[in-house]
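**Q** just the structure for this:
(2 chains)
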Amino acid sequence: MRTRFISCYNCPVKCGATLDVPDKSTYMMKCFTKLTYTMAAMSDLEFGLTIAQRATEYGVDGYSAPQVMAFALELYEAGILTDKDFPDMPADNEGRFFYLLDKIVNREGIGDVLADGTYWAAKEIGNGAEEYAHNNIKKIEQLPLKLGRFNPIYFLMYCTGEKINITQIEGQFPQAPFPKREHREKFVKDWFQVPDEKFKQYFLDWDIKGDNALPYYPTVEMCCDIVDWQEKMHYIDDALGMCAGLSSFHLKPPYHMHNFPKFVSAGAGIDMDEDSLSHAARRYRTLVRANNIRRGMRRKDERPPEDHWKQRIPELEKELLDTYYQFKGWNEQGIPTKESLHDLDLDYVYEEFEKRGVYSENGATPTEDTPAAKGEEV
Amino acid sequence: MAEKKKKIVKTIKVNADECNGCRGCELICSAFHAEPKYSSNNPARSRIRVIRHPLKDIYVPVYAGEYTPAECAGRDKYVLDGKEYEECAFCRASCPSRDEFKEPDSGLPLKCDMCEGEDEPLCVKWCLTDALTYEEREEDVEEEESPEEMEIGLEALAKQYGLDKIMETVARMSMAKKE
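**A** A predicted model of the protein is given here:
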């Protein structure tokens, strides 16, 4: 079915492809969609690529859509949704996914409810449906990953990421330790992208078992550094209009903390060095958080899916969040403090927070149950 | 008598199957030929363009050839491996019927110069999928001595009036001048 790997304008990475489904028009796909429909239906690649053709033509994503379809069929199997909700649905598994796709896109019947995603659909359906909408963070569907051992770096990234997807925060630091020290030594040899030499040591000492293994190594402090660096690179990419595929999403990318300031200076004429770029990224990242805080986001929302890891360690998770919040200049609720906002020339954000009372309980911040008063909508 | 001579012909071999449509060739070409060099990049100024229809899986890098003041009659279609190509997809001309290979500000034709002074054309050097290959071919060229312009004109006159008539006329004209 694949016709050709393709690139965006001026990019050496062939991360997309054109695909040809027999008797259907050709379509283009980015990397991840190739598996998502297959996983949702527990079917094969041929089915996944065929339904992705129709989904792409409709303009539906390959991330939330397959999950909400699988969610609907789980509810059907559990008896929470019944035949009444699925008039004329085919009997075969794959046929049902095509059926649901059409219902969602046309917002017909149950499709109208499902089109809002699993979180909102579960609320609307009720009757225990919420339990099945278990793969969300901040109300958005996540990668369908279910792992064993708890990973503190990923815990922090899943919890505190505000671009709502792990691929939008991870990338610069290896996902797991390499088995042998000699492999790690080889890896760090030409790892010039690190913003600080300490990252090399963190990685060198990271082992697959023993004292320096997951979940207690990297230490909480190291995790803060590692997550902060990874996230920073994504925010810089976004600010510069840079694709994460050539920078933040990859190990040892061609664009990194040491050459970005030079590109910014050359391209925009702004006098920029690594410190000022970091500062700008921190300011931008804090503004994103401030916006979400104003809309009601708090510590309670910063949770990975309960079953993401089999192993969960509540006291370590608490320590991680407490320390990371402090590291970022946020209070125990994850709200940027007066001092950190002042450091970033964001005093007006502090004033707004004070006015809305976000530092005390929820203040005037709207919630799902208590919408904003008239004139105070955000 | 015509004489055989050796001549080096410089070409770029295009493997359209390998092209991924990134247009890096257009970027480097327009940057190299910018004034001053590398001061800007603009695909519209490039002397190589990727004729590209992703949904038809058509990717043909074409580098600029001769300028032509008039369109040709060719509007043929070619089907290769089930894909329909327009004749223009393979044509290198800077031609009134297309936008490619014209300097956007002046409208003057652009032509590939094989990046004179470089080891190889830079589009070839920077093509990361090896869709472009530089080739030098030695070809035998027949070189005839070209007749002078007046001789061409006289030959045409001789055909029409005959050589005697021409000589008569020339004699009369020179006499009249002397008088």
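**Q** so which elements touch the longest helix along chain B?
**A** The longest helix of chain B (DSSP state H) is helix B:163-178. With contacts taken as 3 or more CB pairs under 8 Å, 6 or more residues apart in numbering or on different chains; DSSP states H and E, helix B:163-178 sits against helix B:149-161. In this view, the C-beta of every residue, glycine as well, is placed from N, C-alpha and C.
**Q** now do the same for the helix it packs on: mean pLDDT, whole number.
**A** Averaged across helix B:149-161, the pLDDT comes to 86.
**Q** hang on, the earlier thing: quick check: angle from the longest helix of chain B to helix B:149-161?
**A** 120 degrees (axes from the mean of the first three to the mean of the last three CA atoms, to 10 degrees).
**Q** pull helix B:163-178 out as PDB, backbone CA atoms only.
**A** Extracted in PDB, the C-alpha atoms of helix B:163-178 (Å, rounded to 0.1, in the frame of the first residue of the first chain):
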ATOM      1  CA  LEU B 163      25.500  33.500 -60.900                       C
ATOM      2  CA  ASP B 164      25.900  35.200 -64.200                       C
ATOM      3  CA  LYS B 165      23.100  37.700 -63.600                       C
ATOM      4  CA  ILE B 166      24.600  38.500 -60.200                       C
ATOM      5  CA  MET B 167      28.100  39.100 -61.700                       C
ATOM      6  CA  GLU B 168      26.600  41.300 -64.400                       C
ATOM      7  CA  THR B 169      24.800  43.400 -61.800                       C
ATOM      8  CA  VAL B 170      27.900  43.700 -59.700                       C
ATOM      9  CA  ALA B 171      29.900  44.900 -62.700                       C
ATOM     10  CA  ARG B 172      27.300  47.500 -63.700                       C
ATOM     11  CA  MET B 173      27.100  48.800 -60.100                       C
ATOM     12  CA  SER B 174      30.800  49.300 -59.800                       C
ATOM     13  CA  MET B 175      30.900  51.100 -63.200                       C
ATOM     14  CA  ALA B 176      28.200  53.400 -62.200                       C
ATOM     15  CA  LYS B 177      30.100  54.300 -59.000                       C
ATOM     16  CA  LYS B 178      33.200  55.200 -61.000                       C
END
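**Q** now find how far off-centre it is within its chain.
**A** For helix B:163-178, the separation from the chain centroid amounts to 45 Å (computed by CA atoms, centre = their mean, to the nearest Å).
**Q** now do stretch A:314-334
**A** On the basis of CA atoms, centre = their mean, stretch A:314-334 sits 19 Å off its chain's mean C-alpha point.
**Q** report the buried residues of it.
**A** Neighbour counts using 16 or more other CB atoms under 10 Å in any protein chain shown place A:317, A:320, A:321, A:323, A:324, A:325, A:327, A:328, A:329, A:330, A:333, A:334 of stretch A:314-334 among the buried residues.
**Q** for those, work out which two are farthest apart.
**A** A:317 and A:329 (20.6 Å; CB to CB).
**Q** gap between the closest residue to residue A:347 other than its chain neighbours and residue A:161?
**A** Using CB to CB, 6 or more residues apart in numbering or on different chains and skipping residues adjacent in sequence, the residue nearest residue A:347 is residue A:341, 6.4 Å away. Distance, residue A:341 to residue A:161, by CB to CB, to the nearest Å: 21 Å.
**Q** please apply the same query to residue A:99.
**A** Residue A:99 is 34 Å from residue A:161, by CB to CB.
**Q** okay, these two: which has more neighbours?
**A** residue A:161 (21 against 18; other CB atoms under 10 Å in any protein chain shown).
**Q** can you pull the contacts of the more buried one?
**A** Residues near residue A:161 by CB atoms under 8 Å, 6 or more residues apart in numbering or on different chains: A:137, A:168, A:169, A:231.
**Q** can you give me the neighbour number for whichever residue of chain B sits closest to chain A?
**A** For chain B and chain A, the shortest gap (CB to the nearest CB) falls at residue B:22, measuring 3.8 Å. Neighbour count of residue B:22, defined by other CB under 10 Å: 24.
**Q** these two touch, right, it and residue B:132?
**A** No. The pair residue B:22 / residue B:132 is not scored as a contact, 11.9 Å apart, by CB atoms under 8 Å.
**Q** is residue A:153 located within a helix, as I assumed?
**A** Yes. Judged by DSSP: H, G, I helix; E, B strand; the rest coil, residue A:153 forms part of a helix.
**Q** that one is in contact with residue A:173, isn't it?
**A** Yes. Between residue A:153 and residue A:173 there is a contact under CB under 8 Å: 7.1 Å.
**Q** now for the two: what residues contact both?
**A** Residues touching both residue A:153 and residue A:173 by CB under 8 Å, 6+ apart: residue A:226.
**Q** residues contacting residue A:350?
**A** Residues counted as contacts of residue A:350 (CB under 8 Å, 6+ apart) are A:336, A:338, A:341, A:342.
**Q** oh sorry, the question was meant for residue A:329
**A** Residue A:329 makes contact with A:286, A:336, A:337, A:339, A:340, A:343 under the criterion CB under 8 Å, 6+ apart.
**Q** so what pLDDT did it get?
**A** Listed pLDDT for residue A:329 reads 97.
**Q** got it, and residue A:376?
**A** Note for residue A:376: predicted pLDDT of 59.
**Q** and what of residue A:11?
**A** 87.
**Q** distance of the spatially closest residue to residue A:109 that is not a sequence neighbour relative to residue A:299?
**A** Leaving aside its sequence neighbours, residue A:109 sits nearest to residue A:103 (CB to CB, 6+ apart; 6.1 Å). Using CB to CB, we find residue A:103 at a distance of 37 Å from residue A:299.
**Q** who's more crowded, these two?
**A** residue A:103 (23 against 17).
**Q** how about the residues of chain B by chain A?
**A** Contacts of chain B with chain A, taken as CB under 8 Å from any CB of the partner chain, map to B:20-24, B:27, B:54-57, B:59, B:128-129.
**Q** and if we set it to 10 Å?
**A** Counting by CB under 10 Å from any CB of the partner chain, chain B comes close to chain A at B:17-28, B:41, B:43, B:52-57, B:59, B:126-129.
**Q** need the buried ones from those selected in ChimeraX.
**A** Those of these that count as buried under 16+ other CB under 10 Å are selected in ChimeraX with:
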select /B:18,19,20,21,22,23,24,25,26,27,28,41,43,52,53,54,57,59,126,127,129
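**Q** just the residues of chain B next to chain A: which are in strands?
**A** Among those, DSSP state E puts B:52, B:53, B:59 in strands.
**Q** what residue in the stretch 1-150 of chain A comes nearest to chain B?
**A** At 3.8 Å from chain B, residue A:7 is the closest residue in the stretch 1-150 of chain A, using CB to the nearest CB.
**Q** contacts only, for the residue lying closest to that residue once chain neighbours are set aside.
**A** Setting aside the residues directly before and after it, residue A:7 is nearest to residue B:22 in space (CB to CB, 6+ apart), at 3.8 Å. By CB atoms under 10 Å, 6 or more residues apart in numbering or on different chains, residue B:22 lies in contact with A:6-14, B:50, B:59, B:126-129, B:131.
**Q** sweet, I'm off.
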